[in-house]
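Student: 3D model of this:
(2 chains)
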Amino acid sequence: MKISELLDSQAIVADLQAKDKPKALAELTDSLISCEPSLNRDDVIAVLQEREKLGSTGIGDGVAIPHGKLAGIPELKLVFGRSHSGVDFESMDGQPAYLFFLLIAPEESVGVHLKTLARVSKLLKDASVRKKLLDAPDHEAIYQIILDEEGQS
Amino acid sequence: MKILVVGSGQVGYFLCDRLSREGHEVTLVDQDEAVVERAQDHLNVLGVIGNGASAEILEQAGIKDADIFIAVTNVDEVNILACLLAREYQVKILIARTKNIEYTSRKAILSKEKLGIDLLINPDDAVAEELSKLACNSSAFDVAEFADGQILFQGYRIEKESPLCDLTLAELGELRGMYRFVVVAISRGDSTIIPRGDDTIQAGDRIYIFAPPQELPAINYLLQSDQIQKKSSRRAFILGGSRIGLQVARNMENLHFHTKLVERDEKRCYQLAEQLNKAVVIHAEGLDIQILVDEGVAGADIFIAVTENDKTNILTCLLAKKHKVRRTLALVSQPELIGLASDLGIDACISPRLAAAGAILKFVRRGDIISLAAVEGSNSEVLEFEIGKNSGLSAIPFSALHFPRGAIIGVIVRGKNYEIPTGESMLEEGDRVVVFALPEALQKVERFFA
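Tutor: Just a heads-up that it's a prediction; the model follows:
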């Protein structure tokens, strides 16, 4: 499944306000809840934090991909977030994170989750894509960049 | 090097096979003419028929020039005496297999230091250690440490519920930013391959990975093999109250498992009960599944069968699986049965022979190769090398190194850091590399780093 098919353009936060990891996770979760009100905010944050405890999902180059599994959700959910000032996400390279993808997957189908995780990682490995995403004026432009990049591959 | 092996039981034969294939000059001494002839026919070794504890026979076998002496007959006394003789001939490295002599505990009267033997190896102890290690490591098997514990080599069975099913190696590689490990080999049925990017992981595969121990929690999360460990009251069943069974039961007690040890000999049950603290000793036949069910085997976390009978071990593991035991481990001595058992869905089959032989091989080759693990059933090996001065390998990108086919450098360890190499990676003097090699590539790999 393509990222653009899983990502609701309304679930893109073009200007994250959070400065630290817990706030960033909460802000991304709020965006998810606004598109998917059936989810429980505390549950989502709890599974994300549990995963972070095992090691940061800040993979370096200004990118973080927090993710988790949740029982009882109908399908995989994605949120994109961008911070202009950077968030201390305890990344491997010690640098702040600017680009975020949040993934929440149904506990029952984690296979799809990993495939999507791989797609997201691959997309953000490309330095030119990261630059475009950082420079995009608003959430619609961000969505269009993701759509275009996936269309090419 | 010139190596003298006394005794060609399973361990001796295995060692002769491995060491001769690695280009060592191996001489085998055994009293049984037929066994010596078989070894001479099948392996590149020189055979001498006679008693390995006799100076005359040892001289005939060329002990005066031997560098390493390995005594692995079935008789402890012969092994020790043979080593003492070899010591008189100034052989540099002496190794003896002992089964019944107590030498490890604090109360032991004899020790390897007193005997002047470099390595005393007890197959039962070696196998009990390995079983205990596996027992606490959910779906993992074949665990070994490299680079002073900085890198673990570990195998995982891929069940059909595994999230890794249908994932390509390239996709897994993309996850390396968050899940830092490398899949160095996949076993499917009888064959083992070193996968490429477009290979897919399938249900039923056994995958082998290199990973630093601190990444294991995240990897277990990824593989969903962490669920079992969360349970607070874990239950373990051990079948067979031999020395191995007792040792495993002790280890499981220490790991806070509710442990039940099943033994069919009543007298032995009393002895066992005296030597264990919390574990419950049950007097029953292993194949009498009803008693085990009454004792609550259904849904237990782990079942470990270590009786002297391979078939009993395999069958009871299957019965345990049927009663929804999460993990089953079987002691299997016969090499032909090892591969079969893992096809049947038993989580791991451990052979005392390989456990002991692996420990001896590791000791013999501690020169350039720092540590080593033999992979059950496939004859593949994991080896560690240090990049010395003038290796001719430094500062050349991997893609231009012409590393042998059928082998892969999984990890480079540099001081306290590690790197999973790509085509652009380069080696430096003092680096340690951990390599996975299929049998046909073993010699080439050793030559590559020589």
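
Student: From here on, just use CA atoms for contacts and neighbour counts.
Tutor: Noted.

Student: per-residue confidence for residue 67?
Tutor: You didn't pick a chain, so chain A it is. For A:His67, the pLDDT comes out at 94.

Student: Switch to chain B, please.
Tutor: 92.

Student: and what of B:Lys107?
Tutor: If you check B:Lys107, the pLDDT there is 67.

Student: before we move on, what about B:Ala249?
Tutor: Note for B:Ala249: predicted pLDDT of 94.

Student: ok, it touching B:Leu261?
Tutor: Yes: if you go by CA atoms under 8 Å, B:Ala249 and B:Leu261 touch, sitting 6.8 Å apart.

Student: Mind checking which of those two has more residues around it?
Tutor: B:Ala249 (32 against 27; other CA atoms under 10 Å in any protein chain shown).

Student: tell me the SS of that one?
Tutor: helix (DSSP: H, G, I helix; E, B strand; the rest coil).

Student: Report how many residues lie close to B:Ile121.
Tutor: Count around B:Ile121 with other CA under 10 Å applied: 22.

Student: let me fix that: B:Asp294
Tutor: So B:Asp294, with other CA under 10 Å, has 9 neighbours.

Student: where are the low-confidence patches of chain A?
Tutor: Chain A contains residues with pLDDT under 70 at A:152-153.

Student: Spell out which residues of chain B are next to chain A.
Tutor: Residues of chain B lying near chain A by CA under 8 Å from any CA of the partner chain: B:162-167, B:171-172, B:174-175, B:177-178, B:215, B:217-218.

Student: So for chain B, the centremost residue is which one?
Tutor: B:Ala355 (4.7 Å; CA atoms, centre = their mean).

Student: Provide the secondary structure category for it.
Tutor: Criterion first, three-state DSSP; result for B:Ala355: helix.

Student: Which pLDDT value does the model give it?
Tutor: 80.

Student: go on, B:Asp118?
Tutor: For B:Asp118, pLDDT reads 87.

Student: And the one 5 residues further on, by the same measure?
Tutor: We note a pLDDT of 85 for B:Pro123 in this prediction.

Student: And for it, the neighbour number?
Tutor: 22.

Student: residue contacts, it?
Tutor: Listed by CA atoms under 8 Å, 6 or more residues apart in numbering or on different chains, the contact set of B:Pro123 reads B:Arg97, B:Thr98, B:Lys99, B:Pro352, B:Arg353, B:Ala355, B:Ala356.

Student: Considering those, which is situated nearest to B:Leu276?
Tutor: B:Lys99 (21.4 Å; CA to CA).

Student: that's a strand at the closest one, yeah?
Tutor: No: going by three-state DSSP, the assignment for B:Lys99 is coil, not a strand.

Student: how about stretch A:75-82 as CSV, C-alpha atoms only?
Tutor: Presented in CSV, the C-alpha positions along stretch A:75-82 are these (Å, rounded to 0.1, in the frame of the first residue of the first chain):
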residue,chain,number,x,y,z
GLU,A,75,-6.7,-0.2,9.6
LEU,A,76,-3.3,1.3,9.6
LYS,A,77,-3.1,5.0,10.3
LEU,A,78,-0.5,7.5,9.3
VAL,A,79,0.2,11.1,10.4
PHE,A,80,2.9,13.4,9.0
GLY,A,81,4.4,16.2,11.0
ARG,A,82,6.9,18.9,10.3
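
Student: Give me the buried stretch members for that stretch, please.
Tutor: A:Leu76, A:Lys77, A:Leu78, A:Val79, A:Phe80, A:Gly81, A:Arg82 (16 or more other CA atoms under 10 Å in any protein chain shown).

Student: So what does B:Ser191 look like in phi/psi?
Tutor: phi -110, psi 150 (degrees, to the nearest 10).

Student: try B:Ile238
Tutor: phi -120, psi 130.

Student: How many residues are close by it?
Tutor: Look at B:Ile238: counted by other CA under 10 Å, it has 27 neighbours.

Student: And stretch A:128-139, what's buried?
Tutor: A:Arg130, A:Leu133, A:Leu134, A:Ala136, A:His139.

Student: For that stretch, give me every contacting residue.
Tutor: Contacts of stretch A:128-139 (CA under 8 Å, 6+ apart): A:9-10, A:12-14, A:82, A:84, A:98-99, A:123-124, A:142, A:145, A:149.

Student: Mind telling me what element the residue of the stretch 151-300 of chain B found nearest chain A is part of?
Tutor: Proximity of the stretch 151-300 of chain B to chain A (CA to the nearest CA) peaks at B:Pro163, 4.2 Å away. Applying DSSP states H and E as the criterion places B:Pro163 outside every helix and strand.

Student: quick one: contacts for it?
Tutor: Neighbouring residues of B:Pro163 by CA under 8 Å, 6+ apart: A:Ser109, A:Val110, A:Gly111, A:Val112, A:Leu114, B:Leu222, B:Leu223, B:Gln224.

Student: out of these, who's nearest B:Arg268?
Tutor: B:Gln224 (39.6 Å).

Student: gap between B:Gly116 and B:Phe153?
Tutor: Here the criterion is CA to CA, to the nearest Å. By it, B:Gly116 lies 33 Å from B:Phe153.

Student: who touches B:Glu130 in this structure?
Tutor: B:Ile350, B:Ala355.

Student: scratch that, B:Glu419 is what I was asking about
Tutor: B:Val411, B:Ile412, B:Val413 are the contacts of B:Glu419 under CA under 8 Å, 6+ apart.

Student: now it: how far from A:Asp61?
Tutor: Taking CA to CA, one finds B:Glu419 at 17 Å from A:Asp61.

Student: How about A:Leu32?
Tutor: 24 Å.

Student: Okay, and the residue nearest to the spatial centre of chain A sits in which element?
Tutor: In chain A, the C-alpha nearest the mean C-alpha coordinate belongs to A:Phe101, at 1.3 Å (CA atoms, centre = their mean). Counting by DSSP H and E, the element that carries A:Phe101 is strand A:97-106.

Student: residue ranges with poor pLDDT in chain B?
Tutor: In chain B (pLDDT under 70), the answer is B:103-107, B:136-143, B:225-232, B:342, B:365-378.

Student: domains in it, as residue ranges please.
Tutor: Structurally, chain B divides into domains by automatic domain parsing as follows: B:2-121, B:143-222, B:229-325, B:368-449.

Student: residue ranges for the helices of chain A, please.
Tutor: For chain A, applying DSSP state H gives helices covering A:3-6, A:21-35, A:41-53, A:110-125, A:127-135, A:139-152.

Student: quick one: which of these is nearest B:Ser54?
Tutor: That would be helix A:41-53 among these, by CA to CA, at 62.2 Å.

Student: now that closest one against strand A:97-106, angle please.
Tutor: 110 degrees (axes from the mean of the first three to the mean of the last three CA atoms, to 10 degrees).

Student: So what angle separates the directions of helix A:41-53 and helix A:21-35?
Tutor: Using the same axes, to 10 degrees: helix A:41-53 against helix A:21-35 is 140 degrees.

Student: Pull the distance from helix A:41-53 to the chain's centre.
Tutor: For helix A:41-53, the separation from the chain centroid amounts to 14 Å (computed by CA atoms, centre = their mean, to the nearest Å).

Student: Within range of chain B, give me the residues from chain A.
Tutor: Near chain B, when you scan chain A using CA under 8 Å from any CA, you find A:51, A:54-60, A:109-112, A:114-115, A:117-119, A:121-122.

Student: Many thanks, I have nothing further to ask.
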